[in-house]
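S.K.: compute the structure for the input listed below.
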Amino acid sequence: MNVTSSHNLSSVNINTGSTMNISNQTIGFSLTNPITQNGTFTTTNSKIEYNGSSLQNISTTNIIYSGLRINNPAGTSFLGNVTVNDTFSVIQGDVNLNGNTITLSSTGYLTETPGKCIIRDSRIYYLYQEHWNSDSIECRRIRSNTYSNFKSWSYRN
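M.R.: Modelled structure (predicted):
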């Protein structure tokens, strides 16, 4: 299935042997476990936004995000490692990585709205050994709102 416009969905289930292509679109999800991915999920130049009103689990199985947006005041929780090829944005809500890793491409960005998120037990890796490493990062304590391609900088709490 090719998605040719942006949508806000409750959830999606991509079965084995099926393909969902959301390239160049923005897709929002509102349920607790919104993406079940067992087929092919093409996300080139897309944005996936978690925008529920209760705690959401970030889908990590067989998904490489182009753009990942967290916009959930109730918070989100990562169940595994995730790769983001473009921008990881935290607009509102707490982000709990649960000891998992976010890997951003060498051209990727991390953006946040000051005071809107806490990233716990986190490790964010940029390709080529660039990283952000912390036991607990409160976004409101970071002075800049955008992080990209820093090769020797790390924040340790």
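
S.K.: show me where this protein has its helices.
M.R.: Using DSSP state H, no helices are assigned anywhere in the chain.

S.K.: looking at it, which residue lies furthest from center?
M.R.: Gly17 (25.0 Å; CA atoms, centre = their mean).

S.K.: next up, the contacts around that residue.
M.R.: Gly17 sits next to Gly39 when contact means CB atoms under 8 Å, 6 or more residues apart in numbering. (Each C-beta comes from the backbone N, C-alpha and C, glycine too.)

S.K.: and Asn8, by the same measure?
M.R.: Ile27, Gly28, Phe29, Ser30, Asn51.

S.K.: so the first one makes contact with Ser6?
M.R.: Yes: contact criterion CB atoms under 8 Å: Ile27 and Ser6 qualify, at 6.7 Å.

S.K.: so for the two, which sits in the more crowded spot?
M.R.: Between Ile27 and Ser6, counted using other CB atoms under 10 Å, the more crowded position is Ile27 (20 against 14).

S.K.: report the beta-bridge partners for that one.
M.R.: When assigned by DSSP bridges, Ile27 has beta-bridge partners His7, Ile48.

S.K.: go ahead and flag the most central residue of this protein.
M.R.: Leu68 (3.8 Å).
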